[in-house]
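*Asks:* Okay, structure incoming, though there's no sequence with it:
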């Protein structure tokens, strides 16, 4: 069957759930030639982006792309991520969310992509201070792999 | 943490995904004192309801309740299901969707709740004919248990 992947619908669902509950949606992205992200923050081919309303401007999540503008180290930058490069979406504070199997490396990248590390998690207001913001770096213990 | 469950967000996501892809969203419900469903179609304490736009009227899915009106055996009936009684949401045609662990019987009911059986799957246009509509009864092979 050729139906559209449910992934964008689940990404939107977790973003809306986070917004309604005061949680911070983190988007894990497998960087490739199509992704437009701040390369300085890419680690091991992956980046984790804060896609909360307060950290982004003009955020759009359609069925093909996630696009927004955000400030990185003081400079505004346009970000564009194809849905196919989205490795996960989860709440920073609880780790609840989804990991998605990606073509090419369906399993190997998931743990790295969805486990925020110091400096990898970008936040408009806390950039560079993720390591000392006093909150535990929750591991996404409830992540489900969705094919 | 006391945040709202993500369940209603996922139910809406799968319903929207089904609507956009011509699939039929089936809602598996664990019947209890709070549910308002056609009791004639309850089997083993559970019922599977077609919640597509074409099978329902005035469908609302908020964070606490799913409510709609539908015709069962020719008679219109109001249906109300608390989110806590929702055992699963999946596409009839492919089985893709989610099963949810319920309080009280977190595992035992899932297989029964999410595996459509003849006569258990209600459809406004095909009521009573689910057993011979020529389509295979897909088992929900991609269901994920979300806590």
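*Replies:* Alright, I've got the coordinates. Note that the structure is predicted; figures quoted are calculated from it, not measured.

*Asks:* Okay, residue A:45 and chain B: tell me how far apart.
*Replies:* To chain B, residue A:45 is 26 Å away according to Cβ to the nearest Cβ, to the nearest Å. Placement of C-beta: from N, CA and C, glycine included.

*Asks:* so how far is residue A:44 from the closest residue to that residue other than its chain neighbours?
*Replies:* Once flanking residues are discounted, residue A:45 sits nearest to residue A:31: 5.4 Å by Cβ to Cβ, 6 or more residues apart in numbering or on different chains. Residue A:31 sits 9 Å away from residue A:44, going by Cβ to Cβ, to the nearest Å.

*Asks:* Which one's more surrounded, the two?
*Replies:* The residue with more neighbours, out of residue A:31 and residue A:44, is residue A:31; 19 against 12, by other Cβ atoms under 10 Å in any protein chain shown.

*Asks:* pLDDT value on the more buried one, please?
*Replies:* Per-residue confidence (pLDDT) for residue A:31: 97.

*Asks:* Contacts made by the longest helix belonging to chain A with the rest, please.
*Replies:* Longest helix in chain A by number of residues (criterion: DSSP state H): helix A:7-20. Under the contact criterion Cβ atoms under 8 Å, 6 or more residues apart in numbering or on different chains, helix A:7-20 has outside partners A:23-25, A:27, A:51-53, A:61-64, A:66, A:83, A:86, A:89-91, A:96-98, A:100, A:146, B:4, B:6, B:9-10, B:12-14, B:16-17.

*Asks:* Residues in a beta bridge with residue A:61, which ones?
*Replies:* Per DSSP bridges, the residues bridged to residue A:61 are residue A:66.

*Asks:* Near it, how many other residues are there?
*Replies:* Residue A:61, neighbours per other Cβ under 10 Å, totals 21.

*Asks:* same check, this time on the one 3 residues further on
*Replies:* Look at residue A:64: counted by other Cβ under 10 Å, it has 11 neighbours.

*Asks:* Pretty sure it sits against residue A:85.
*Replies:* No: if you go by Cβ atoms under 8 Å, residue A:64 and residue A:85 don't touch, sitting 11.1 Å apart.

*Asks:* My read is that residue A:29 contacts residue A:36, right?
*Replies:* No: counting by Cβ under 8 Å, residue A:29 stays clear of residue A:36, with 10.3 Å between them.

*Asks:* returning to that earlier point: show me which of the contacts of helix A:7-20 are buried.
*Replies:* A:23-25, A:27, A:51-52, A:61, A:66, A:83, A:86, A:89-91, A:96-98, A:100, A:146, B:6, B:9-10, B:12-14, B:16-17 (16 or more other Cβ atoms under 10 Å in any protein chain shown).

*Asks:* out of everything not next to it in sequence, what's closest to residue A:57?
*Replies:* residue A:69 (4.5 Å).

*Asks:* Shouldn't that neighbour be within a helix?
*Replies:* No: under DSSP: H, G, I helix; E, B strand; the rest coil, residue A:69 falls outside any helix and is assigned strand.

*Asks:* which residues touch it?
*Replies:* Residue A:69 sits in contact with A:56-58, A:76-79, where contact means Cβ under 8 Å, 6+ apart.

*Asks:* Apply 6 Å and report the result again.
*Replies:* A:57-58, A:76, A:78 (Cβ atoms under 6 Å, 6 or more residues apart in numbering or on different chains).

*Asks:* Select, from those, the two members most distant in space.
*Replies:* A:58 and A:76 (10.9 Å; Cβ to Cβ).

*Asks:* Where in chain A is the helix or strand with the lowest mean pLDDT?
*Replies:* strand A:121-122 (a mean of 38; mean pLDDT, DSSP states H and E).
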